[in-house]
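Enquirer: Sequence first, then the predicted structure:
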Amino acid sequence: MAETKQKVHHVVWCVRPESLERVRRFWQEGVGLALHGLDLPDLGIHVLISWEGGVEVIAPVYETGLLVEATRDFLATRGEGVYTVVFDVASLD
């Protein structure tokens, strides 16, 4: 049986909108990992991401959008932190 190479693809952190710049500085200046910004109004969030580094940071910055309620609920109940760990798998089956 062939060994499957399953691994963590990236980790998603959820932060408050006012924390985005502080978080960007931490990753860029403290860790040396540049994050690229993406504005996703349909989802209601702003994203900072480094595919190479396996890091994604999301923040609910719009009043509405597909992820606004879920991310605001997360922040209200758990605070800022790891939101999702995304795995790379050979097959979902």
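Expert: Noted; the coordinates are in hand. Numbering: from 1, shown residues only.

Enquirer: Please give the element, helix or strand, for Ala76.
Expert: Per DSSP states H and E, Ala76 falls inside helix 68-78.

Enquirer: May I ask which helix or strand encompasses Val12?
Expert: Val12 is part of strand 7-14 when elements are defined by DSSP H and E.

Enquirer: Now do the following helix or strand past that strand: which elements does it pack against?
Expert: As assigned by DSSP H and E, the chain's next helix or strand after strand 7-14 is helix 20-25. Here helix 20-25 touches strand 45-50, strand 55-60, going by 3 or more Cβ pairs under 8 Å, 6 or more residues apart in numbering; DSSP states H and E. To be clear about C-beta, it is placed using only N, CA and C from the backbone, and glycine gets the same treatment.

Enquirer: how about these in a markdown table, adding mean neighbour count?
Expert: A markdown table is the format used below for the helices and strands packed on helix 20-25 (neighbours: other Cβ atoms under 10 Å):
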| stretch | mean neighbour count |
| --- | --- |
| strand 45-50 | 19 |
| strand 55-60 | 22 |
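
Enquirer: In TSV, list those along with mean pLDDT and distance to Arg24.
Expert: Formatted as TSV, the helices and strands packed on helix 20-25 follow (pLDDT from 0 to 100; distance: least, Cβ to Cβ, whole Å):
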stretch	mean pLDDT	distance to Arg24
strand 45-50	97	6
strand 55-60	98	8
